[in-house]
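Enquirer: Have a look at this prediction, sequence included:
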Amino acid sequence: MTTSLYDLLITPFEGFSFMRIAIAACLALALSGGPLGVLLLLRRMALDGNVLSHAVMPGAALGFVYAGHSLAALSLGGFASGAMVAGLTGLLSRKRAARQDAGLVVFYLVALALGITLVAFFGSNVDTVRVLFGTVLAINPSALMQIAFVSTATMVALAVFYRSIMLDAFDPVFLRMAGTRGMRALFTLLVLLNLVVSFQTFGTLLAIGPILLPAAAARCWTNRPGLMMALAVLIGMLSSYIGLLLSYHRNLPSGPAIVMVAGACYGASVLVSSGAAALRTRLRGNIR
């Protein structure tokens, strides 16, 4: 029994270097993605995060056209287009009466269509699928170092500016009156950086999944932001580990497998927390 469990849970990572690199990358992404996902939910910016993940597409596509699967070209292009879409939609929301989320949706649809067209025209169907869904098991040491750097920088920035970023999420007017500015821009920058490195792993369509789904699951269990972030990190890491095992043992695509496990964690969290809340309400009624 012990041997079979060992073969099931440990051997895939012990025997193959690409599995070790993949789990290291996913754990690093979960470490920074958990807190960012919680902050996106607290700021009611889940749609913004989803749109920005798609906005990375055209820049990455241009990087692909220029330099193929070059890590630097894909990263710089994706970050540039994401930053451009975020800036343009913010400008649109100030210049006109249109809501910012409507501007984000417009830009993300155009960006996604443009990116797919460029990759399909200059590449192949395989390249298109790779850009859309990522290749977790094809991460190389250079990409892993980039992911580790972004994750570390994100955690340091969140630790240093935690109070200001949290205050900006709940009372941005007070923060501006206190003379502290730029927290929204800093937060957007951190989200974009994590989406760029997550894009290399999970692709354009799934990049936001490992960031938002663990946070949504954690929110079912607590209202305390710090504990919520810790739970989101834990759920993200567990989802990555189980998803990679499912990918290895059942021959499933690794990125979608991880996102599906995270989605299952969210579903289970909703059911259990809802059931526990109903039980508490019923017990209180009986006591009264």
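Expert: Looks like it arrived, so ask away. Just so you know, these numbers come straight off a predicted model, no measurement behind them. Numbering: from 1, shown residues only.
Enquirer: Next, count neighbours for Ala61.
Expert: Neighbour count of Ala61, defined by other CB atoms under 10 Å: 30. Heads up, the C-betas are built off the backbone N, CA and C, glycines and all.
Enquirer: Touching, it and Gly115? I think so.
Expert: Yes: at 4.1 Å, Ala61 counts as touching Gly115 under the criterion of CB atoms under 8 Å.
Enquirer: And for the closest residue to Val65 other than its chain neighbours, the neighbour number?
Expert: Distances taken as CB to CB, 6 or more residues apart in numbering put Phe122 closest to Val65, at 4.7 Å, once the chain neighbours are dropped. For Phe122, the neighbour count with other CB under 10 Å is 14.
Enquirer: returning to that earlier point: mutual contacts of Ala61 and Gly115, please.
Expert: Val131 (CB atoms under 8 Å, 6 or more residues apart in numbering).
Enquirer: show me where the stretch 151-288 of the chain has helices.
Expert: For the stretch 151-288 of the chain, the helices defined by DSSP state H, counting those that start in this stretch occupy 162-170, 172-177, 183-206, 209-219, 225-250, 254-287.
Enquirer: Leu52 contacts Leu195, correct?
Expert: Yes: here Leu52 reaches Leu195: they are 5.9 Å apart, a contact under CB under 8 Å.
Enquirer: Now for the two: what residues contact both?
Expert: With CB under 8 Å, 6+ apart as the test, Leu52 and Leu195 both reach 82, 208.
Enquirer: follow-up on the earlier one: among the helices of the stretch 151-288 of the chain, which is nearest Gly34?
Expert: helix 225-250 (3.4 Å; CB to CB).
Enquirer: can you pull the contacts of the residue nearest the centre of the chain?
Expert: The centroid of the chain falls nearest to Ile211 when counting by CA atoms, centre = their mean (3.0 Å). In this structure, Ile211 makes contact with 33-34, 36-37, 40, 49, 191, 194-195, 198, judged by CB under 8 Å, 6+ apart.
Enquirer: since we're on Leu279, how many residues are nearby?
Expert: 10.
Enquirer: Sketch out the low-pLDDT regions of this protein for me.
Expert: Residues of the chain meeting the criterion pLDDT under 70: 1-3, 89-105, 171-181, 285-288.
Enquirer: Run a quick neighbour tally on Val150.
Expert: Neighbours around Val150, by other CB under 10 Å: 21.
Enquirer: was I right about Leu9 contacting Leu246?
Expert: No: the pair Leu9 / Leu246 is not scored as a contact, 11.9 Å apart, by CB under 8 Å.
Enquirer: okay, those two: which has more neighbours?
Expert: Taking other CB under 10 Å, Leu9 and Leu246 do not tie; Leu246 has more neighbours (18 against 12).
Enquirer: and the residue nearest to that one when sequence neighbours are not counted, what is it in contact with?
Expert: Using CB to CB, 6+ apart and skipping the chain neighbours, the partner closest in space to Leu246 is Ala257 (4.7 Å). Counting by CB under 8 Å, 6+ apart, Ala257 touches 243-244, 246-247, 250.
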